[in-house]
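In: sequence below, structure please.
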Amino acid sequence: MHSEPQAAPYRPDPRIEAIAGWVADPVHPADFPKTELRFRNDRWAAAVGLDTLDDAQWTAHFGRFEPLPGNLPQPLALRYHGHQFRNYNPDLGDGRGFLFAQMRDAQDRLLDLGTKGSGQTPWSRDGDGRLTLKGAVREILATEMLEALGVHTSKTFSVIETGEALWRGDEPSPTRSAVMVRLSHGHIRIGSFQRLAVLEEKDHLAALVAYSLETYPGSLPPEDVPGRDEPAVILLHQVVERLADLAASWMVAGFVHGVLNTDNMNISGESFDYGPWRWLPRWDPRFTAAYFDHSGLYAFGRQPEALLWNCGQLAVALRQLAETAPLVAALDRFGPLYQEAMARRFTWRLGVESRGAEADTALIQAAEASMVASGAAPEQFFFDHRSGRNPGDGDFGAILRGYEPSAQTDDPLWREDAPPGVLVDEVERIWSAIDTDDDWTELHAKVAAIRRLGANLGPAPAPAGQGRAGA
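Out: Numbers count the residues shown, from 1 in each chain. Alright, predicted model coming up:
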């Protein structure tokens, strides 16, 4: 959620080493022909004590991947399986990235530095292990905007251009290359558990549950649910809580992730791995981000369904450690938790106080109908109503007038005509300036504008009584 990170000293804690022998493979980074620093996220570097690195030191660690002091001596490519568009694939794993380092922040939370585009690994298959510079630029924009809109997301920590010409079927080629570093609260995925279950490594499966509960602490399940003292059941409840909130946060943001496979689902409930993402140009539940999503499986309106289905696959993997009934009881909580999160987040983005579940549901339904009727982009709709520029009409206006404002709108931002946006045409415009003229000013200006929006929105309200890793 958007709040200024608290500065902290560098405190390495590579605890993944305790389980690395059966969840990861040591790998070597690629040797790039050049390393030119293009983006460094000093806001979040300060949270892990790395903002004092000069550019040469930064490039040494995040372009050539010289180990950080007291941290992993060698990067680790994680092993996992996954359902990709609901087809099981056992031939997965980190194919163009690795876990580089782990450290603690000021709240004693564990944070990971992981990469994308850092070279081939045993899991690369036919891939070259590289990332396009455009892909890195898109991820900067996605993570900055999601953070501003209160989504629990990985942070783009570093982007370094690497001087290679890449060929891609979905981009004009040859195109420029980059290596990116993400800061996140973990790299354990639903697919990590699926792999151990399929391989029938029950002891390792139980150990991964224990590691996850210790590393990503959350709250205990409600007192009236079965099996609430069993580690596997506790973990599933926590993941259900986190992913229900994540689904709602995407919906309120008007964001379409595009590829919600189980290998892209982090058990910390953190959104990450941004490929064909899009923001809605208008409110359309059928809108898809990925050109290859021909059936609309991961369409905007089906994202909650996709995350619940993924929770179900985690439950299947955990059947080796728990009875069915307690796991089903955990899954049954997803719907009510999602509805609660939608109300909490929707009223927050509108800048009004909640009036209870029934009233908030009516407000959301009227708002969605208003967006459909007007054809407005969600980002403009929320901006206009929060700023008071458009008090609403019809059913939505009538319902909204019964709500009390919860936020100040005296900043000059709210008197501007439009919020900073990252619809596809704007993304392409920013990339064109970089690609054609090597002009990065538009990107940096957009990041600054997005951070200003986030500061004015303030932190999204947290789920009541629930644990979210890294919240």
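
In: hmm, Pro276 is touching Ala289, no?
Out: Yes. Pro276 lies in contact with Ala289 (C-beta atoms under 8 Å); the separation is 4.8 Å. Glycine gets a C-beta too; all of them are placed from N, C-alpha and C.

In: shared neighbours, the two?
Out: Residues touching both Pro276 and Ala289 (C-beta atoms under 8 Å, 6 or more residues apart in numbering) are Gly258.

In: who has more neighbours out of those two?
Out: For Pro276 versus Ala289, neighbours defined as other C-beta atoms under 10 Å are more numerous around Ala289 (21 against 18).

In: what pLDDT does the model give Glu4?
Out: With respect to pLDDT, Glu4 scores 80.

In: quick one: which helix or strand includes it?
Out: Using DSSP states H and E, Glu4 falls within no helix or strand.

In: kindly provide the distance from it to Pro459.
Out: Counting by C-beta to C-beta, to the nearest Å, the gap from Glu4 to Pro459 is 10 Å.

In: try Gly394
Out: Gly394 is 31 Å from Pro459, by C-beta to C-beta.

In: same question, Pro281
Out: 27 Å.

In: Ala106 too?
Out: From Ala106 to Pro459 the distance is 16 Å (C-beta to C-beta).

In: try Tyr403
Out: For Tyr403, the distance to Pro459 equals 20 Å [C-beta to C-beta].

In: so which of these two has more stuff around it?
Out: Between Tyr403 and Pro459, counted using other C-beta under 10 Å, the more crowded position is Tyr403 (17 against 13).

In: ok, now which ones touch the more buried one?
Out: Contacts of Tyr403 (C-beta under 8 Å, 6+ apart): Thr347, Leu350, Val352, Glu353, Arg355, Leu363.

In: can you redo these as TSV with neighbour count, distance to Phe98 and pLDDT?
Out: Below are the contacts of Tyr403 laid out as TSV (neighbours: other C-beta atoms under 10 Å; distance: C-beta to C-beta, whole Å; pLDDT from 0 to 100):
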residue	neighbour count	distance to Phe98	pLDDT
Thr347	21	41	97
Leu350	22	41	94
Val352	20	44	94
Glu353	12	45	95
Arg355	16	48	95
Leu363	23	45	96
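
In: go through those residues and name the one nearest Trp440.
Out: Distances from Trp440 to these, taken as C-beta to C-beta, are shortest for Leu350 (34.2 Å).

In: ok, that closest one - contacts?
Out: Leu363, Ala367, Phe382, His385, Arg386, Leu400, Tyr403.

In: go with 10 Å
Out: 252, 363-364, 367, 381-382, 385-386, 392, 400, 403, 405-407 (C-beta atoms under 10 Å, 6 or more residues apart in numbering).

In: between these, which is nearest Ile16?
Out: Distance to Ile16, by C-beta to C-beta, is smallest for Val252 among these, at 32.8 Å.

In: would you mind writing the CA trace of the host helix or strand of the closest one as PDB?
Out: Following DSSP H and E, one finds Val252 within helix 231-253. Output in PDB follows, covering the C-alpha atoms of helix 231-253 (Å, rounded to 0.1, in the frame of the first residue of the first chain):
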ATOM      1  CA  PRO A 231      -0.200 -25.400   9.800                       C
ATOM      2  CA  ALA A 232      -1.400 -26.300   6.300                       C
ATOM      3  CA  VAL A 233      -4.900 -25.000   7.100                       C
ATOM      4  CA  ILE A 234      -3.600 -21.800   8.700                       C
ATOM      5  CA  LEU A 235      -1.500 -21.100   5.600                       C
ATOM      6  CA  LEU A 236      -4.400 -21.600   3.200                       C
ATOM      7  CA  HIS A 237      -6.600 -19.300   5.300                       C
ATOM      8  CA  GLN A 238      -3.900 -16.600   5.100                       C
ATOM      9  CA  VAL A 239      -3.400 -17.000   1.400                       C
ATOM     10  CA  VAL A 240      -7.200 -16.800   0.800                       C
ATOM     11  CA  GLU A 241      -7.300 -13.600   2.800                       C
ATOM     12  CA  ARG A 242      -4.400 -12.100   0.900                       C
ATOM     13  CA  LEU A 243      -5.600 -13.000  -2.600                       C
ATOM     14  CA  ALA A 244      -9.200 -12.000  -2.000                       C
ATOM     15  CA  ASP A 245      -7.900  -8.500  -1.000                       C
ATOM     16  CA  LEU A 246      -5.500  -8.500  -4.000                       C
ATOM     17  CA  ALA A 247      -8.300  -9.400  -6.400                       C
ATOM     18  CA  ALA A 248     -10.400  -6.500  -5.000                       C
ATOM     19  CA  SER A 249      -7.500  -4.100  -5.200                       C
ATOM     20  CA  TRP A 250      -7.000  -4.900  -8.900                       C
ATOM     21  CA  MET A 251     -10.700  -4.400  -9.600                       C
ATOM     22  CA  VAL A 252     -10.900  -1.000  -7.900                       C
ATOM     23  CA  ALA A 253      -7.700   0.100  -9.700                       C
END
